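>>> Below is the sequence, then the predicted model.
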Amino acid sequence: LEEEVDPGMVSGLEIIKYPDPRLRASNDDVGEDDFNTDHLKALTRRMFDLMYAAQGVGLAAPQVGINRRIMVYNELGDPKKWMGETVLLNPAIVEKSEGVDYETEGCLSFPEMNGEVMRHKWIKVEAMNLKGKKFKKKFTGFEARLFQHEYDHLEGVVYIDHLDEEDMEEVQPALEELAKEFG
């Protein structure tokens, strides 16, 4: 994958950056009236457009300033490989492995930063699709990591919350710079 970039406004959406309070706000479920609507389909399409423009692999609605329990991802990060596109609404982790691993993660809302994050090796999830149909799925490997990262956004948790002291010290100057830019 290529280095993530900030594409600015794409399809009327923009990635919000730390310390915007919407990244930590509570997020409402997608309601019955929203399922299977053109509005919801268009929103998730626009989220994919922005994610691809940023050269990312996942995006949660709070990252575009919409505090709803919506996430999109394509672990391949390639718009030509659209069969890998996944939309999850109102997801919940219902089971997780005791086994964990550590990998370097970054985040579109924290540009030019990364650090080691512990994640469960596998998770079982309940979620709904765009039509409001509930489903269960087990995620493993990179997809499990990607899901957990985006799920954290829906819980008001961001990747720096998982960093150890050393990694946090490393990103602190960049966090302070973002805080200055935010005002």
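Structure's in. What do you need?
>>> any low-confidence regions in this protein?
Low-confidence segments of the chain, defined by pLDDT under 70, are located at 1-3.
>>> what about the residue most central in space within it, which helix or strand?
What sits nearest the mean C-alpha location of the chain, by Cα atoms, centre = their mean, is residue 150, with 2.9 Å. Residue 150 is part of helix 141-154, with elements assigned from DSSP states H and E.
>>> ok, residue 31 - contacts?
The neighbourhood of residue 31, defined by Cβ atoms under 8 Å, 6 or more residues apart in numbering, contains no residues. For the C-beta atoms, the positions are set from N, CA and C on the backbone; glycine is no exception.
>>> ok so, going back, what about the residue nearest to the centre of the chain, distance to residue 87?
Distance check for residue 150 against residue 87: by Cβ to Cβ, to the nearest Å, it reads 11 Å.
>>> and for the two, which residues touch both?
What both residue 150 and residue 87 touch, as defined by Cβ under 8 Å, 6+ apart, is the set residue 71.
>>> next one: the helix holding residue 150 to chain centre, how far?
7 Å (Cα atoms, centre = their mean, to the nearest Å).
>>> what's the answer for stretch 38-58, then?
When C-alpha coordinates are averaged (Cα atoms, centre = their mean), stretch 38-58 and its chain have centres 11 Å apart.
>>> Can you show me the strands along this protein?
Listed in chain order, the strands of the chain (DSSP state E) span 58-60, 70-73, 86-96, 100-107, 110-120, 122-128, 134-140.
>>> Could I get the ones you listed in CSV, plus columns for mean neighbour count and distance to residue 47?
Supplementary listing: the strands of the chain in CSV, determined by neighbours: other Cβ atoms under 10 Å; distance: least, Cβ to Cβ, whole Å:
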stretch, mean neighbour count, distance to residue 47
strand 58-60, 26, 5
strand 70-73, 26, 5
strand 86-96, 18, 9
strand 100-107, 15, 15
strand 110-120, 18, 18
strand 122-128, 18, 15
strand 134-140, 13, 19
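>>> Distance to residue 27 for those - can I get that in a markdown table?
Conversion of the strands of the chain to a markdown table gives the following (distance: least, Cβ to Cβ, whole Å):
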| stretch | distance to residue 27 |
| --- | --- |
| strand 58-60 | 8 |
| strand 70-73 | 8 |
| strand 86-96 | 10 |
| strand 100-107 | 16 |
| strand 110-120 | 18 |
| strand 122-128 | 14 |
| strand 134-140 | 18 |
